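Chemist: sequence unknown, structure follows:
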């Protein structure tokens, strides 16, 4: 049985906006990571918008959705990609390699991970922060 906090109502449901900026461990740029052990595919840096869209969709479905918020708490999900020709999101927000931004219903930034540290927060840690914030809205 799901925890009562994970049931959700309109007041505590969230809109998830996922922005895929670039391949963090591209074998042709930064050849480190799990692909060396064969646990994830080895990917080159995306050169076209179509390549980035394809990988973003797969990454979101395989890695983020199963580990993030319970589906009962999600009102809407959208996937965006940074244009590889301009990398505007990367240049503006500096989210590489991973960043989480939590914006409350008033449009205020209430949480942002620090991406320039050796280890960035795991999905489970960010999920706990989401759950705590959602409780405060209930």
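Modeler: It's in. On a predicted model such as this, the values are computed, not experimentally measured, just so you know. Numbers count the residues shown, from 1 in each chain.

Chemist: can you give me the helices for the chain?
Modeler: Per DSSP state H, the chain has helices spanning 49-59, 88-93, 123-137. These are given in chain order.

Chemist: Arrange the ones you listed in a markdown table, one row each, with mean neighbour count as further columns.
Modeler: All C-beta atoms are positioned from the backbone trio N, CA, C, and that covers glycine. Formatted as a markdown table, these follow (neighbours: other Cβ atoms under 10 Å):
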| stretch | mean neighbour count |
| --- | --- |
| helix 49-59 | 15 |
| helix 88-93 | 13 |
| helix 123-137 | 14 |
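
Chemist: Reformat those helices as TSV; add distance to residue 20 and mean pLDDT.
Modeler: Converted to TSV, the helices of the chain look like this (distance: least, Cβ to Cβ, whole Å; pLDDT from 0 to 100):
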stretch	distance to residue 20	mean pLDDT
helix 49-59	3	89
helix 88-93	9	90
helix 123-137	15	76
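
Chemist: quick one: which of those helices is nearest residue 76?
Modeler: Closest to residue 76 of the helices of the chain, according to Cβ to Cβ: helix 123-137, at 14.9 Å.

Chemist: Quick check: which helices or strands does the closest one pack against?
Modeler: strand 101-103, strand 109-112 (3 or more Cβ pairs under 8 Å, 6 or more residues apart in numbering; DSSP states H and E).

Chemist: what about residue 69, how many residues close to it?
Modeler: By other Cβ atoms under 10 Å, the residues close to residue 69 number 21.
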